[in-house]
Structures are given as C-alpha cells and as structure tokens.
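1. structure of the sequence below:
(chains A, B, C and D)
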There are 2 protein chains.
Amino acid sequence: MGSVVSELENAGIKPSYQRVRIFEYMQMNRTHPTADQVFLDLKDAIPTLAKATVYNTLHALAEKGLIRELSTVQPSTRYDYAAEDHGHFTCRICNRIYDFPYDFDSRHSALSGFVVESQEIVQKGICQACLKKAQQNSAFP
Amino acid sequence: MGSVVSELENAGIKPSYQRVRIFEYMQMNRTHPTADQVFLDLKDAIPTLAKATVYNTLHALAEKGLIRELSTVQPSTRYDYAAEDHGHFTCRICNRIYDFPYDFDSRHSALSGFVVESQEIVQKGICQACLKKAQQNSAFP
DNA sequence: TTATTTGTTTGGAATAATTCTAATGTTGTG
DNA sequence: CACAACATTAGAATTATTCCAAACAAATAA
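-> Just a heads-up that it's a prediction; the model follows:
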C-alpha cells in the first residue's frame, strides 16, 4: 500500500484514492486488462468511479512509464503493404509511421506449443522532423 | 496491373474491380494508410465504393498475408503493469495475451535522430490452449 | 440463352471504445 | 478560512469498425 503511494509520488502523480486503487489493481492483476475491465472490477469498491477517471489514470500511468499501453496504432488501424520484414516507428506527435530495417531471422521462439503467425517490432517516440520543430519552438512534454 | 490480378488469384482472392484497385493502392502508397484514407483516395475513381468494402478487402488481404495490419490490440487497448521487458503474444482465437521473455538489450538502433521512448515485440497467432481445443473439434481457418 | 447459385458490393444502421465537457468535489497553500 | 489548482463525475459526443439486408455481378447448369 505505502509502496503504491510512493511509487506514484516518485513518478510525479498525486496519489488520489482512485489512482492508488487503479495502480494497485494493475500491479495485482497481470492479465493485460482493458480499461473497461479495470472499471468493472473496481466500481463495486468505488461506486462513484467514472470511466473517464480510469482512462485518465491509465494514460497518466502509461505516460510516466508505470504501466504500458500495449501496442496500438491510434486512433485507427493502419495498413501496410507486406514487403520485406521491417519494424515500425510511430511518432506520437505527428502520428506518422516510419519503417526501419529489422532482421527477423533472429526470431525469438518464445512460447512453446504456440503458432506464431506474425511478428512485429513496434517503437514509439518522437521523430526527427518533430524534434526539429520542437527546438525552434519549445520542448515537448 | 496483370501482376496485381495474379497476385490476388494466387492468394485465392477473386480479383474483383474493387479489390484490384484497393490492392493496387496499397502497393503504390507505402504510407501506412488507414482504411478511411484508402476509402477517401479511391472514392473519386470508384464513386459507389462503400467503406465496408474497403474494410472487407483489407481484412481479406491481411489474412492472406498480402498486406499487414499494423500492430493493434483488438478491439480495445490493453494495459500492462510495466515490470521487466517482455514481448506479447496475442491469440487471435481467445484474444488472451501472453507474456514471453525477450531480451531488449539487443536494441535495434534503427532510425538515427529519432527518440525511441518505448519498444515492443508483438506476436500474433494461436495459443496452445486453443490449438488443443481445435484438435478435438476441427481445424481453424 | 435463361435460370440458378454463389459470392460481392452497397449504404445505412448499429455497436462500442474513447474523448470531451461542464459541473462538482477535493486538496493544499497563503 | 478563502482561494487556487487540480481531480473526479456523469453523460453526451465522437469516431472507428462491424453488421445487415438488399441489390448486383459472375459463374455454372439446364
């Protein structure tokens, strides 16, 4: 409990009751839940909980690196002609997607007994063009 | 043109006019477009084109491996407590997400001048549990 | 050719995830 | 205590995607 609070504080997030409970939930439930699952599982304990709070909190936690938002391409799915293998970098400012070469013969066999039909490397961050713009204006959050 | 048609045929997709135009578009526009972008860019040339057709076709192409659907977690974003680095395997049958160990110090530097804030390995396929069930009943498509 | 079957496209309605907004509530500070 | 800053709430709004029934096209059989 205390550790949850101080982890939040260390990350610069005020440990409100809701935030503590949501982060606690994420630590204890390693089930890769959706925002809705978090909401449903907590609303008995916190009857006034709003879904927007769950989204706000999950986004805040993800921004500080306390949780991860599993690979999504926001806001809508992007499609790519399937040429040679390559990784994808998504810029969180301009939302552009860049390809980068990636050597896939180092396939990580991972889970035995599973059929892997596709594999992808996904990076997120800020692209060069947006970094340049940022230097001229001011820094990004 | 002929090659587009025969690629579709080889993949077992009937080369209807719409499908040919959409696949052609994907080959010529390596911009990782959304379904909506494909729709908007083609509807002048194909005035009756329906968005559902774009979705149907993109899904069919992706299923046959002619294009890729860039890493999304469907239908809604999943969150994960950010412990040690690991990859994620999503089962396309039961939608469960499995962690697998992944060594991230082999970071692929990729694009120079870009700030990489997060990196993830994403696999999709069929998990062991669903494979087992499939053997008892019948095969998956 | 015509009739029949099979598969495709269309357009709009339905669904569902996420974001937005305005009002209310809470916390910390002077 | 008052005020400012921030958080939460509830529900409406937005938007991507799927669903559905009807119209259409192509392929096949009679």
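2. list the buried residues for stretch A:18-32?
-> Buried residues in stretch A:18-32, counting neighbours by 16 or more other Cβ atoms under 10 Å in any protein chain shown, are found at A:18-26, A:32. Backbone N, C-alpha and C define where each C-beta goes, glycine included.
3. state the mean pLDDT of that stretch.
-> For stretch A:18-32, the mean pLDDT works out to 94.
4. quick one: that stretch near DNA strand C?
-> No. Residues of stretch A:18-32 contacting DNA strand C under Cβ under 7 Å from any atom of the strand: none, with a closest distance of 10.1 Å.
5. who's in contact with that stretch?
-> By Cβ atoms under 8 Å, 6 or more residues apart in numbering or on different chains, the residues outside stretch A:18-32 that reach it are A:1, A:4-5, A:7-8, A:13, A:33, A:37-38, A:41-42, A:45-46, A:49, A:53-54, A:57-58, A:60-61, A:66-67, A:70, B:78-81, B:88, B:97, B:99.
6. so of those, which ones are in strands?
-> A:67, B:79-81, B:88, B:97, B:99 (DSSP state E).
7. which among those residues gets closest to DNA strand D?
-> Using Cβ to the nearest atom of the strand, A:Ile67 comes nearest to DNA strand D of the ones in strands among the contacts of stretch A:18-32, at 15.1 Å.
8. now that closest one. Nearest residue, chain neighbours left out?
-> Excluding the flanking residues, the one nearest A:Ile67 by Cβ to Cβ, 6 or more residues apart in numbering or on different chains is A:Leu61, at 4.5 Å.
9. what residues are up against that neighbour?
-> A:11, A:13, A:19, A:22-23, A:26, A:67.
10. just the buried residues of the contacts of stretch A:18-32.
-> Of the contacts of stretch A:18-32, these count as buried by 16+ other Cβ under 10 Å: A:4, A:7-8, A:13, A:33, A:37-38, A:42, A:49, A:53-54, A:57-58, A:60-61, A:66-67, A:70, B:78-81, B:88, B:97, B:99.
11. mind exporting the C-alpha coordinates of stretch A:66-77 to CSV?
-> C-alpha atoms of stretch A:66-77 as CSV (Å, rounded to 0.1, in the frame of the first residue of the first chain):
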residue,chain,number,x,y,z
LEU,A,66,4.4,2.9,-14.6
ILE,A,67,2.3,0.8,-16.9
ARG,A,68,2.4,0.1,-20.6
GLU,A,69,-0.3,0.6,-23.2
LEU,A,70,0.0,-2.4,-25.3
SER,A,71,0.8,-1.8,-28.9
THR,A,72,-2.0,0.0,-30.6
VAL,A,73,-2.0,2.3,-33.6
GLN,A,74,-4.1,5.2,-32.6
PRO,A,75,-6.7,6.2,-33.3
SER,A,76,-7.3,3.8,-36.2
THR,A,77,-5.7,0.8,-37.6
